[in-house]
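Colleague: sequence first, then the predicted structure, then my questions.
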Amino acid sequence: MGQHIPPGTTVTNSLVQDNIIEDPELKDSILIQKSIMAEPDYIEDDNPELIKPQKLINPVKISRNHQDLHRELLMNQKRGLAPQNKPELQRVMEKRKRDQVIKQQKEEEAQKKKSDLEIELLKRQQKLEQLELEKQKIQEEQENAPEFVKVKGNLRRTGQEVAEVQDS
């Protein structure tokens, strides 16, 4: 006939001494645990000279304002009303920041979802810009070139033009 003590319950010496627990193995295990753990002196003796420990009183929890506030918070929580912890300015700034992040995400998605036509137009635009840069570089090189190089280029062109006229 084994008695089962549910976990989380404490077995006191009085249960063992009053023979409420009948299982000898259980009694022995409780007595072994008792011998391992030291018990305070004030539990066994009712000595009036000893000062028994008492739970400290929290002055904040005893105050009437704290109790009223706690009661109000509990009622609001039951009703589903959340307390407004943040100041209005902070809430507005957070809302703006969220809106800005959402806007940026939408813009990024729009850029990612460019159509084939837009992609082709961008490629052509880049090619045109590259050609313009090359033309500017060539023109700058010609302007910076010495006088004899310019004259030599002119003579070549005129020589090619004369040759083309004679061939035709």
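Modeller: Yep, it's here.
Colleague: in which helix or strand does residue 57 reside?
Modeller: Residue 57 belongs to no helix or strand when elements are defined using DSSP states H and E.
Colleague: show me the contacts for it.
Modeller: With contacts defined as C-beta atoms under 8 Å, 6 or more residues apart in numbering, residue 57 has no neighbours. Using the backbone N, CA and C atoms, a C-beta is placed for each residue, glycine as well.
Colleague: check what pLDDT it gets.
Modeller: Note for residue 57: predicted pLDDT of 86.
Colleague: look up how far residue 110 lies from the residue nearest to the spatial centre of the chain.
Modeller: What sits nearest the mean C-alpha location of the chain, by C-alpha atoms, centre = their mean, is residue 98, with 13.9 Å. Noted for residue 98: a distance of 19 Å to residue 110, by C-beta to C-beta, to the nearest Å.
Colleague: longest helix in this structure, by residue count?
Modeller: Secondary structure of the chain per DSSP state H: the longest helix is helix 116-144.
Colleague: mind checking the pLDDT average for that one?
Modeller: The model assigns helix 116-144 a mean pLDDT of 90.
Colleague: just stretch 160-168 next, same as before
Modeller: 85.
Colleague: now that stretch - C-alpha only, CSV.
Modeller: Presented in CSV, the C-alpha positions along stretch 160-168 are these (Å, rounded to 0.1, in the frame of the first residue of the first chain):
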residue,chain,number,x,y,z
GLN,A,160,41.9,62.0,-98.6
GLU,A,161,39.2,64.3,-99.9
VAL,A,162,41.3,65.0,-103.1
ALA,A,163,41.9,61.3,-103.6
GLU,A,164,38.1,60.7,-103.3
VAL,A,165,37.3,63.5,-105.8
GLN,A,166,39.8,62.1,-108.3
ASP,A,167,38.5,58.5,-108.0
SER,A,168,35.0,59.6,-108.7
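Colleague: picking that back up, show me what secondary structure element comes after the longest helix of the chain.
Modeller: helix 147-167.
Colleague: circling back to that earlier point, host element of the residue nearest to the centre of the chain?
Modeller: Going by DSSP H and E, residue 98 is in helix 88-112.
Colleague: between helix 116-144 and that helix, find me the angle.
Modeller: 80 degrees (axes from the mean of the first three to the mean of the last three C-alpha atoms, to 10 degrees).
Colleague: what residues does helix 88-112 touch?
Modeller: residue 86.
Colleague: what is the rounded mean pLDDT of it?
Modeller: On average, helix 88-112 scores 90.
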